[in-house]
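Peer 1: Have a look at this prediction, sequence included:
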Amino acid sequence: MTNPTPNGRRGPLRTPVVPRGEVVATYETYPEAQEAVDRLAHHEFPVREVSIVGSDLKTVEQVTGTMSYGRAALTGAVSGLWLGVFFGLLFLIFSPQISLAFLLAAVLIGAAFGMLFSLAAYALNRRRRDFTSVMQVVASSYSVIVEPEHANRARNLLDGGATSGPGAGSGAANAPEAPHPSEPPRA
């Protein structure tokens, strides 16, 4: 999805900052903003000068179901089963004389411990949380920001114009300028 360091460079991590530049387009979803950057890349635009900035972040928790002792036992057993498979395979790799029965025993022991720990955790938290959910952070809009010297070309490419070269074209120069994501919304 994204590189852990700005512009994909290797080196020490720096404190993240909101990128400077001009907003050339704003989209409602991240895939739309990604598609815009893909279009720029397709036209050999210097995409190292492009950033996608999400604005107005919100936490969204999607409830996926109710929690019960049965569900807690099942999810714990499955998690423990995978842990048992992992440890069983490690022992099998480093000690080839161990039989497959040992692997099966590791899987069963892992499932049992996973089930017990999950049931204990559910019993302790039962009154506070009787449902399962998935939490995400989403933005209300995604701005494509480009360095000022490339902004007109980026606008032209995203508006469907076919420019060929850095700084070519000026059709988007009279388009209204979108506010920078770090600025408060205009009324």
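Peer 2: Cool, got the structure. Numbering: from 1, shown residues only.
Peer 1: Show me the helices in this protein, by range?
Peer 2: Assigned helices in the chain, in chain order: 30-42, 69-94, 100-125, 151-158 (criterion: DSSP state H).
Peer 1: I'd like to know which of those helices lies nearest to Glu61.
Peer 2: helix 100-125 (16.1 Å; C-beta to C-beta). Backbone N, C-alpha and C define where each C-beta goes, glycine included.
Peer 1: low-confidence ranges in this protein?
Peer 2: Counting by pLDDT under 70, the low-confidence segments of the chain come to 1-13, 161-187.
Peer 1: Please name the residues that touch the closest residue to Ala112 other than its chain neighbours.
Peer 2: Nearest non-adjacent residue to Ala112, counting by C-beta to C-beta, 6 or more residues apart in numbering: Gly80, 6.8 Å away. For Gly80, the contacting residues are 110-115, 117-118, by C-beta atoms under 8 Å, 6 or more residues apart in numbering.
Peer 1: Out of those, which two are the most distant from each other?
Peer 2: Gly110 and Ser118 (12.2 Å).
Peer 1: Can you give the domain ranges for this protein?
Peer 2: Split into domains by automatic domain parsing, the chain comes to 19-62+138-158, 68-129.
Peer 1: what's the straight distance from one end of the last one to the other?
Peer 2: Start and end residues of domain 68-129 are separated by 10 Å (C-alpha to C-alpha, to the nearest Å).
Peer 1: Repeat that for the first one.
Peer 2: For domain 19-62+138-158, the separation between the terminal residues is 20 Å (C-alpha to C-alpha).
Peer 1: same thing with stretch 89-106?
Peer 2: The first residue of stretch 89-106 is 9 Å away from its last residue (C-alpha to C-alpha).
Peer 1: Would you mark the buried spots in stretch 59-68?
Peer 2: For stretch 59-68, a neighbour-count test (16 or more other C-beta atoms under 10 Å) marks Met67 as buried.
Peer 1: cool, stretch 41-58 as well?
Peer 2: Going by 16+ other C-beta under 10 Å, stretch 41-58 has these buried residues: 45, 47, 49-55.
Peer 1: and these, which two are the farthest apart?
Peer 2: Farthest apart among the buried residues of stretch 41-58 by C-beta to C-beta are Phe45 and Ser55. That separation is 22.6 Å.
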